[in-house]
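Enquirer: Take this sequence and fold it.
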Amino acid sequence: MFPPAPLETIDWNRLGLSIQDNVNGHVESTYSVATGEWSAPRFIQDPYIKIHGLAPALNYGQQAYEGLKAHRGPDGNILLFRPTAHADRLAVSASYVSIPEIPQDHFMKCVKLACARNAEWVAPHSSEALMYVRPLVFGSSGHLSLTAPTEYTFAVYVQPGTTYHGVQPLPACVIEDFDRAAPRGTGGAKVGGNYAPVIRHTDKARSQGFHVTLHLDAQTRTCIEEFSTSGFIGIKKNGDQVTVVVPDSKNIVQSITSDSCLALAKSFGWKVEKREIPWSECKFMDEVIAVGTAASLLPIRLLARPSTGEKFVFGETTGECTLRLGTALRNIMRGKIADEFGWTMTVNEEDLLLEPTSAKPIPEISNGVNHELNGVAHVNGNGIAAPVEVEVKA
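Expert: Numbering: from 1, shown residues only. Down below sits the predicted model:
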């Protein structure tokens, strides 16, 4: 029967962000410049990727990635949330770093295969846990010249987990001694180079009591752009009238969660504005939310700007508008209410792609229990037996 039931050996309500290397495996596909095509997806029962040490991904940062979620519906089915939107966004990010586009149908085949082959790692409907899906693409052939390499690799990983920051309102501050992205730069792409440099600044802010960090525009430092891990949403209330505002900038990643919230806000009869947001406008906001796939909807308790001493307080508890948006979004993701937007997509048995392209049998896929990874002994995260590749039909 597909999908299989969630693993009974997992305490689904106590998952964090730690890597679970005993999931069944990941998916890989390679692009050859010589053929101009992506290979059929391969399911690999191993968390590791073999890559040339001189690959552009490692030396020049030629990589891009995505993040989406899968939940188990009330009927036990596995639901992906807005996967085609993530496919389209990855294509945009890839173009920033000179990587060939991954066709949407190929992206979907690889993502569904990864979820289908790891279906027992999707949490039960009753749990707050989720399956996080991480597609990534990178230049993978050995290549010293700063020109296009001959090969690229697209991989899809999955991990059971929970929301990135939790759900309690957190304090945030403006990072003022570092610019996340320059105008006409790579700020609109989901590439590692926009994230790794921020780590030391977020660590510093956390040591000062700020769990979330906010970036202003690099050119004038007067307008809101985005949080380091999430998009920005501001909410203003005037009686029964609600206005939702989000930044409009080419220097930020276009948040699919934010876009979903705007669609929901419109369906509630709220006013929606996508425009430039001056930092000074924050003082007039009643609620502020950090939104993203991993973060979900995180209420911001206060926003501080150390250089000016400004501190805008939004409350110790989750605001009513944030709660309504988050509840509606979560209920759609989990199949608890009708999806009037057509956002969810079901992972089906045929997505297992079990028919082989060669005569060799496909190894039985176990559930990773008892320190085994599909029948291969897992060596405490420090090593692993030789990977098993399963060829699947294109």
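Enquirer: And the helices in the stretch 201-350 of the chain?
Expert: Taking DSSP state H, counting those that start in this stretch as the test, the helices found in the stretch 201-350 of the chain are 256-267, 320-333.
Enquirer: of the ones you listed, which approaches residue 89 most closely?
Expert: Each of the helices of the stretch 201-350 of the chain has some distance to residue 89 by CB to CB; the shortest is helix 256-267, at 6.7 Å. In short, each C-beta sits where N, CA and C put it, glycine included.
Enquirer: For the closest one, list every residue counted as buried.
Expert: 256-262, 264-265 (16 or more other CB atoms under 10 Å).
Enquirer: Show me where the stretch 101-250 of the chain dips below the pLDDT cut-off.
Expert: Across the stretch 101-250 of the chain, residues meeting the criterion (pLDDT under 70) sit at 164-167.
Enquirer: ranges for the strands of the stretch 151-300 of the chain?
Expert: For the stretch 151-300 of the chain, applying DSSP state E, counting those that start in this stretch gives strands covering 151-161, 170-174, 212-216, 224-227, 231-238, 241-247, 271-275, 287-292, 296-305.
Enquirer: in its sheet, what does the second one sit against?
Expert: With DSSP bridges as the criterion, the sheet partners recorded for strand 170-174 are strand 212-216 (parallel), strand 296-305 (parallel).
Enquirer: again, but for the first one
Expert: Using DSSP bridges, strand 151-161 pairs in its sheet with strand 26-32 (antiparallel), strand 130-139 (antiparallel).
Enquirer: Could you identify which of these is most buried?
Expert: Mean neighbour count (mean count of other CB atoms under 10 Å) peaks for strand 130-139 among the strands paired with strand 151-161, with a mean of 24.
Enquirer: Between helix 320-333 and that strand, find me the angle.
Expert: Interaxial angle of strand 130-139 relative to helix 320-333 (axes from the mean of the first three to the mean of the last three CA atoms, to 10 degrees): 80 degrees.
Enquirer: Output strand 130-139 in CSV, but only the C-alpha positions, please.
Expert: The C-alpha trace of strand 130-139 is given here as CSV (Å, rounded to 0.1, in the frame of the first residue of the first chain):
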residue,chain,number,x,y,z
LEU,A,130,7.0,18.1,8.4
MET,A,131,9.3,16.8,5.7
TYR,A,132,11.6,19.4,4.4
VAL,A,133,12.7,18.9,0.7
ARG,A,134,16.0,20.4,-0.4
PRO,A,135,16.6,20.5,-4.2
LEU,A,136,20.1,21.8,-5.2
VAL,A,137,22.0,22.2,-8.4
PHE,A,138,25.7,22.9,-9.0
GLY,A,139,28.6,22.8,-11.4
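Enquirer: distance between it and the chain's centre?
Expert: 7 Å (CA atoms, centre = their mean, to the nearest Å).
Enquirer: so residue 101 touches residue 89, yeah?
Expert: No: with contact defined as CB atoms under 8 Å, residue 101 does not reach residue 89; the gap is 11.8 Å.
Enquirer: More neighbours: those two, which one.
Expert: Per other CB atoms under 10 Å, whichever of residue 101 and residue 89 has more neighbours is residue 89, with 22 against 17.
Enquirer: Quick check, that one in contact with residue 256.
Expert: Yes: between residue 89 and residue 256 there is a contact at 6.7 Å, judged by CB under 8 Å.
Enquirer: Distance to residue 120 and mean neighbour count added to the strands paired with strand 170-174, as JSON lines?
Expert: Output for these, formatted as JSON lines (distance: least, CB to CB, whole Å; neighbours: other CB atoms under 10 Å):
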{"stretch": "strand 212-216", "distance to residue 120": "33", "mean neighbour count": "23"}
{"stretch": "strand 296-305", "distance to residue 120": "23", "mean neighbour count": "22"}
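Enquirer: Serialize those strands to a markdown table and add fields for distance to residue 108.
Expert: Shown next, in a markdown table, are the strands paired with strand 170-174 (distance: least, CB to CB, whole Å):
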| stretch | distance to residue 108 |
| --- | --- |
| strand 212-216 | 32 |
| strand 296-305 | 23 |
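Enquirer: Ok, which of these comes nearest residue 158?
Expert: strand 296-305 (17.4 Å).
Enquirer: hmm, who's touching the closest one?
Expert: By CB atoms under 8 Å, 6 or more residues apart in numbering, the residues outside strand 296-305 that reach it are 163-174, 176, 210, 212, 214, 230, 257, 261, 279, 282, 287-291, 310-316, 318-319, 322, 325-326, 329-330.
Enquirer: I'd like to check what contacts stretch 273-285. Which residues are they?
Expert: With CB under 8 Å, 6+ apart, stretch 273-285 has contacts from 174, 216, 222-224, 232, 234-236, 243-249, 262, 288, 303, 305, 310, 312, 314.
Enquirer: domains of this structure?
Expert: Annotated domains of the chain cover 12-162+340-391, 170-318 [automatic domain parsing].
Enquirer: Looking at those domains, spot the one closest to residue 2.
Expert: domain 12-162+340-391 (3.9 Å).
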